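Novice: Sequence first, then the predicted structure:
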Amino acid sequence: MSEIYPIAVPKWGIEMVEGTINTWNKREGDAIARGDEVFEMESDKIVNVWEAPVEGVLRRVIAEEGDAHPVGALLGVIAAADVSDADIDAFVASYANTSGSAETAAESAPAAAPATTAPASSKPGGDANTRSSPSVRRLAQELGVDLNTVNGTGRRGRITEDDVRAAASDAGEAGAGDNVQVTPLSATRKTIARRLTEAKQQIPHFYLSVDYELDGLLARRAQLNAAGDVRVSVNDLIVWCVGRALMAEPRVNVNLVGDDIHQFADANIAVAVATEDGLYPATVRKVQDLSVQELATNLADLAARAADGKLTKDDISGGSFTVSNLGMFGVHSFTAIINPPMGAILALGKGEQRVVVKDGAPAVATVINATLSCDHRVIDGAVGASFLQALGREIDAL
């Protein structure tokens, strides 16, 4: 290795813009061997482990546990034991100055002085600013926290995001009364909040809603469950039909990545799975090639691993289209927010019996509402409508 090696936030996945340090598995002064698991970082709802590509000594830890940092930000430094502290300091300063981002530079630089060397100042630019990163200061502003009143628990008295949230919780509890519990957002919830806010603000959504009759699908489900060992749900059958419909109308089976449209040849369907920690887009690949039973088995496995917190990065990435079903909660219909970079998401409500007109006479049918949310930058209204027609044909054909 070169004498000094930077540990920077890696880019795990196309959509990753920042990561949150969950745990440092090594401490300053620890020897590092190639392949050692140095830290765990959460990004896009998945915890990844960073393995050292070099050997040396962990000479500097810059990022605190619980802090979020943008991709490329300096987290720490590995160097040989005989490299001087002055050389490490110079490297950190040089890395910050050449990173191309003022924020990254501020994030990466070590604290100017221990927290005890100067009293807190009520003026902007005072000691609190030298003990906090730009992301911490932004969070403090969002939560209405005066950094000069916060005691830093980080290295050298640095103020961390957890310190700010704790201060906000204390203030909230004081003002909200004894019957209100204040819980800071977890790293996963923060990721969900950021991604959905960006999606709703930046993606021009439009919505198409249709009703499908499910009596033929329900009859087919009963046949499959009577004949086989794998239990098939209504959702399994609809997702299977969605896979076939995406082959019939592939213009909906797309991602928008930057200014490029990624056209998928396979129906890689992300099915929204609700857990205690939030919503995960668990992906089943090549749905068009699976039998209904194979699809049901895959979805059941993904749901079980999501509940146990064992989904991998591959499990929640690579989707070309999303399906979200709230029918099991009694929801009649809803509109869903698109999960970028995918171009569309299908929201399914509850199947329920309704009076319909057939051949000019009233009849009873089991009907489900489906609402398609489309990104108008890549999918036109007629294309979305064409997909819904294709899906209706697949459901009727069961």
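Specialist: Everything's here; your move.
Novice: Now G330: closest residue in space that isn't a chain neighbour?
Specialist: K350 (5.7 Å; C-beta to C-beta, 6 or more residues apart in numbering). Where C-beta positions appear, they are placed from N, C-alpha and C, glycine not excepted.
Novice: what does the model give that neighbour for pLDDT?
Specialist: Note for K350: predicted pLDDT of 96.
Novice: strands paired with the strand ranked longest in the chain, and their directions?
Specialist: What stands out as the longest strand in the chain, according to DSSP state E, is strand 361-375. Paired strands of strand 361-375, with direction, are strand 205-213 (antiparallel), strand 344-348 (antiparallel), strand 352-358 (antiparallel) (DSSP bridges).
Novice: And the helix or strand following it, what does it pack against?
Specialist: Helices and strands here follow DSSP states H and E; after strand 361-375, the next one along the chain is helix 381-397. On a contact count with 3 or more C-beta pairs under 8 Å, 6 or more residues apart in numbering; DSSP states H and E, helix 381-397 meets strand 205-213, helix 215-227, helix 234-248, strand 344-348, strand 361-375.
Novice: what bridges to the nearest residue in space to S209 that is not next to it in sequence?
Specialist: In space, S209 comes closest to T371 once its chain neighbours are excluded; the distance is 4.4 Å by C-beta to C-beta, 6+ apart. As for beta bridges, T371 partners with S209, A347 under DSSP bridges.
Novice: again, but for V273
Specialist: When bridges are called by DSSP bridges, V273 pairs up with Y280.
Novice: mind checking how far it is from R60?
Specialist: With distances defined as C-beta to C-beta, to the nearest Å, the gap from V273 to R60 amounts to 40 Å.
Novice: same question, L246
Specialist: Between L246 and R60 the computed distance is 49 Å (C-beta to C-beta).
Novice: the more surrounded of those two?
Specialist: Set side by side, L246 and R60 show unequal neighbour counts under other C-beta atoms under 10 Å, the larger going to L246 at 27 against 22.
Novice: Would you state the predicted confidence (pLDDT) at that one?
Specialist: Confidence at L246, expressed as pLDDT, is 98.
Novice: So it is in contact with K286, correct?
Specialist: No. No contact is recorded between L246 and K286 when judged using C-beta atoms under 8 Å, the distance being 11.0 Å.
Novice: residues shared between the contacts of the two?
Specialist: With C-beta atoms under 8 Å, 6 or more residues apart in numbering applied, the overlap between the contact sets of L246 and K286 consists of A267.
Novice: Now G66: which helix or strand?
Specialist: Taking DSSP H and E as the definition, one finds G66 inside no helix or strand.
Novice: That one: neighbouring residues, count only.
Specialist: There are 18 residues near G66, going by other C-beta under 10 Å.
Novice: So for it, what's the nearest residue that isn't a sequence neighbour?
Specialist: Nearest-residue entry for G66: D162, 4.4 Å, with adjacent residues in sequence omitted and distances by C-beta to C-beta, 6+ apart.
Novice: Equivalent analysis for K11, please.
Specialist: V71 (4.8 Å).
Novice: contacting residues around N253?
Specialist: By C-beta under 8 Å, 6+ apart, the residues touching N253 are L246, M247, Q263, F264, A267, S320, F321.
Novice: didn't T23 look like it was pressed against V38?
Specialist: No. Using C-beta under 8 Å, T23 and V38 do not qualify as a contacting pair, with a distance of 10.0 Å.
Novice: Looking at these two, which is more packed in?
Specialist: Each of T23 and V38 had its neighbours counted (other C-beta under 10 Å), and the higher figure belongs to V38 (22 against 14).
Novice: List phi and psi for the more buried one.
Specialist: phi -90, psi -40 (degrees, to the nearest 10).
Novice: so how far is W50 from it?
Specialist: 5 Å.
Novice: What residues does Q263 make contact with?
Specialist: Applying C-beta under 8 Å, 6+ apart, the residues near Q263 are P250, N253, V254.
Novice: redo that, cut-off 10 Å
Specialist: P250, R251, N253, V254, N255, S320, G343, V378 (C-beta atoms under 10 Å, 6 or more residues apart in numbering).
Novice: Likewise for G330?
Specialist: For G330, the contact set (C-beta under 10 Å, 6+ apart) comprises G349, K350, E352.
Novice: Of those - the most surrounded one?
Specialist: Counting neighbours by other C-beta under 10 Å, G349 leads the contacts of G330 with 21 neighbours.
Novice: roughly how far apart are that residue and F329?
Specialist: With the distance defined as C-beta to C-beta, G349 ends up 10 Å from F329.
Novice: that older thread, can you list residues touching both of V38 and W50?
Specialist: Counting by C-beta under 10 Å, 6+ apart, the common neighbours of V38 and W50 are I7, N25, L75, G76.
Novice: re earlier: check the contact between the residue nearest to S209 and A336; I expect there is one.
Specialist: Yes. The pair formed by T371 and A336 meets the contact definition of C-beta atoms under 10 Å, at 7.4 Å.
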